[in-house]
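>>> here you go, sequence then predicted model.
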Amino acid sequence: MQYDIIVVGGGIVGLATALQIQKQRPESTILLLEKESELARHQTGNNSGVIHSGLYYKPGSLKAANCITGYHMLLDFCKENDIPYDLCGKIVVATDEAEKPLLQNLFVRGEQNGLKNLKKLTKEELKDYEPHVNGIEGIFVPQTGIVDYKKVADKYGELIQKKGGEIKLNEKVIDIKAESDSSTVITEKNEYTGRIIINCAGLYSDKIARLTVKNLTIKIIPFRGEYFKLKKEKEYLVKNLIYPVPDPNFPFLGVHFTRMVKGGVEAGPNAVLAFKREGYKKSQINLAELGETLAWPGFQKVAVKYWKTGFGEMYRSFSKAAFTKALQKLIPEIQEEDLVEGGAGVRAQACDRDGGLVDDFLILEEKQVINICNAPSPAATSSLAIGETVARLALKKL
Ligand SMILES: Cc1cc2nc3c(=O)[nH]c(=O)nc-3n(C[C@H](O)[C@H](O)[C@H](O)COP(=O)(O)OP(=O)(O)OC[C@H]3O[C@@H](n4cnc5c(N)ncnc54)[C@H](O)[C@@H]3O)c2cc1C
């Protein structure tokens, strides 16, 4: 059988794309291939579970546009499908004078992105939201919320199948033979043909893209984000979400406190180079993958540019005391013994040859193949909007 569309990757982006194709053209035949034995095992199943509001992103960028549209689509989806979420709001906290202008920039950016009712907070007002926080100024962002993205992704999968789409698990794609009218996707066990192929392989999206794109100018660099959990008896220290002011030169938001929708409070994630693309533990190393990362000219430039930040993150990864110290900037009462090890996630961050960490979502089209080559945070929040865009691109090619 020849499918109209084959999607590679059963994370939230691949699933949302398949769902949106079905919405836009219900009669299309769709196959989604996932290498694991369940959906959403990687980035989607190991993230912070935050519904981002669109505060941080450059106005006019794909991230800004898709975050805000995707935010509303996600909330509607959760309501329609009884998926619990909580729009609890978050505070962003400046802890020293140098962060004040950065916080102000963030406030302006949020307003440019159309966020309503952002509120500037004084030192005293911060305590009304989070009594244990230490800060000199802050912003309250009422739109931010929490959800379980694994639940959302599983529901996307259920609906795709209900509408006649096929999802095949344990199907690792190893090659694609792209032709002008029909392409063959080869997995370790089978071959499938499809008119349009969409690559949503997350941490391996560059590898899948390289199967059909000759001179791909980006490589995925895996950055592990490690979490601690607050012990039950210390959860009272955090009411909702507490974020630091992010370093504008770095694509990650800094370790923060997140109340999870399924209960508990997490602290993290940091950002350390993972020695394996799906390496969730420090001890996991894949020499071939690590070698490729180190040999990538762009990574070498990143290492030179961010060596200080990188070493700091690495140090905090090995030293719980140092991790605790970073958290104490936000909540001084937190002690090392209040934290127990949590999980970890690995971010797929595209890096170009010149050492640029690609900030925006990146969609590359090559004949009948569409490659989603950079879908970092807030891609879980934005999944339905990204999916809608990719569906439109794909259906134009059919
Ligand atoms: C630590 C962390 C915290 C984050 N926090 C947030 C947050 O709070 N809010 C937010 O909006 N976003 C957050 N994000 C970002 C968000 O999780 C990702 O942007 C999103 O999950 C990306 O989805 P994806 O489908 O592209 O990737 P993935 O979820 O990684 O899915 C890719 C899928 O492709 C499969 N695959 C790979 N290679 C192959 C192959 N050869 N054959 C078949 N299948 C293959 C993989 O097994 C995987 O299931 C966070 C990410 C991380 C890592």
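Nice, I can see it. Numbering: from 1, shown residues only.

>>> what about the residue of the stretch 101-250 of the chain found nearest the ligand, how many neighbours?
Proximity of the stretch 101-250 of the chain to the ligand (C-beta to the nearest ligand atom) peaks at residue 202, 2.7 Å away. Every residue, glycine included, has its C-beta placed from N, CA and C. Counted by other C-beta atoms under 10 Å, the residues lying close to residue 202 total 28.

>>> so it sits against residue 374, correct?
No - using C-beta atoms under 8 Å, residue 202 is not in contact with residue 374, being 10.2 Å away.

>>> please see if the helix-or-strand element of the chain with minimal mean pLDDT touches the ligand.
Scoring the helices and strands of the chain by mean pLDDT, DSSP states H and E places helix 307-318 at the bottom, with a mean of 86. No - judged by C-beta under 6 Å from any ligand atom, helix 307-318 and the ligand are separated, with a smallest distance of 12.9 Å.

>>> now that helix: buried residues?
For helix 307-318, the neighbour count (16 or more other C-beta atoms under 10 Å) marks 310, 313, 314, 316, 317 as buried.

>>> equivalent analysis for stretch 132-145, please.
132, 133, 134, 135, 137, 138, 139, 140, 141, 143, 144, 145.

>>> enumerate every residue touching the third one.
If I follow you right, that is residue 134. Contacts for residue 134 (C-beta atoms under 8 Å, 6 or more residues apart in numbering) come out as 93, 95, 329, 330, 331, 332.

>>> turn the residues you listed into TSV, columns for pLDDT, neighbour count and distance to residue 43.
Below are the contacts of residue 134 laid out as TSV (pLDDT from 0 to 100; neighbours: other C-beta atoms under 10 Å; distance: C-beta to C-beta, whole Å):
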residue	pLDDT	neighbour count	distance to residue 43
93	97	27	26
95	96	18	29
329	94	16	27
330	96	25	25
331	97	21	27
332	96	12	32
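
>>> returning to what we had before: now for residue 202 and residue 374: what residues contact both?
Counting by C-beta under 8 Å, 6+ apart, the residues touching both residue 202 and residue 374 are residue 348.

>>> quick check: phi and psi on the residue of the stretch 1-150 of the chain found nearest the ligand?
The ligand sits closest to residue 11 of the stretch 1-150 of the chain, with a gap of 2.0 Å, by C-beta to the nearest ligand atom. Note on residue 11: backbone dihedrals following degrees, to the nearest 10 are phi -90, psi -170.

>>> and if you look at residue 341?
Residue torsions, per degrees, to the nearest 10, at residue 341 are phi -60, psi 130.

>>> look up the pLDDT of it for me, please.
On the pLDDT scale, residue 341 is placed at 94.

>>> measure it to residue 230 for me?
Per C-beta to C-beta, to the nearest Å, residue 341 is found 12 Å from residue 230.
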